[in-house]
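Undergrad: Predicted model, plus sequence, below.
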Amino acid sequence: ETKKNPVYVLRQAIGRVIPSVGVKIRRKRKKGKKGGKTYKIPVAIKIPQGILLAIRWLIEASRKRSGTSMVSQLRFELIDAASKKRGNAIRKKEQTHKMAEASRTFAHFRYRNKQKRKKR
């Protein structure tokens, strides 16, 4: 349909869907009490993990598409992501970026030392 090399289209689609930031959920509890708060902490995503997420999102998005077979659903999702810069996978990436942007205020939790310091 696009008259381009399929491998090129696949790489381009994955490249456009790779997220650069994500969110990690961390719970904060008070000593000796139940419950606590959950914070969404923005974290940078490394390239291999980003590629894995992109492929996963492309497959998920193609499953949600209407179509007769998985082949046609995946084909249209890849074409949308590669050339038209739209589709459910692209939307998922944008949603993740917006969530990370919204929770930027909790970024300092990422740098906290996880080990408890010894009392002197």
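TA: The structure has been received and is ready for your questions. Note that this is a predicted model, so its numbers are computed, not measured.
Undergrad: which strands and helices sit next to the lengthiest helix in the chain?
TA: Among all segments of the chain classified by DSSP state H, the helix with the greatest residue count is helix 47-64. Contact here means 3 or more C-beta pairs under 8 Å, 6 or more residues apart in numbering; DSSP states H and E; on that basis helix 47-64 packs against helix 6-17, helix 70-79, helix 88-102. For every residue, glycine as well, the C-beta is placed using N, CA and C.
Undergrad: Tabulate those helices (a markdown table), appending distance to residue 35, mean pLDDT and mean neighbour count.
TA: Shown next, in a markdown table, are these (distance: least, C-beta to C-beta, whole Å; pLDDT from 0 to 100; neighbours: other C-beta atoms under 10 Å):
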| stretch | distance to residue 35 | mean pLDDT | mean neighbour count |
| --- | --- | --- | --- |
| helix 6-17 | 37 | 92 | 16 |
| helix 70-79 | 41 | 90 | 17 |
| helix 88-102 | 23 | 91 | 16 |
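Undergrad: Hmm, residue 14 is touching residue 57, no?
TA: No. Contact criterion C-beta atoms under 8 Å: residue 14 and residue 57 do not qualify, at 9.7 Å.
Undergrad: what's the angle between the longest helix of the chain and helix 88-102?
TA: Between the direction of helix 47-64 and that of helix 88-102, the angle (axes from the mean of the first three to the mean of the last three C-alpha atoms, to 10 degrees) works out to 130 degrees.
Undergrad: Buried residues of helix 47-64, list them for me.
TA: The neighbour-count check on helix 47-64 (16 or more other C-beta atoms under 10 Å) flags 50, 53-55, 57-58, 61-62 as buried.
Undergrad: returning to what we had before: what's the closest of the helices and strands packed on helix 47-64 to residue 45?
TA: helix 88-102 (9.0 Å; C-beta to C-beta).
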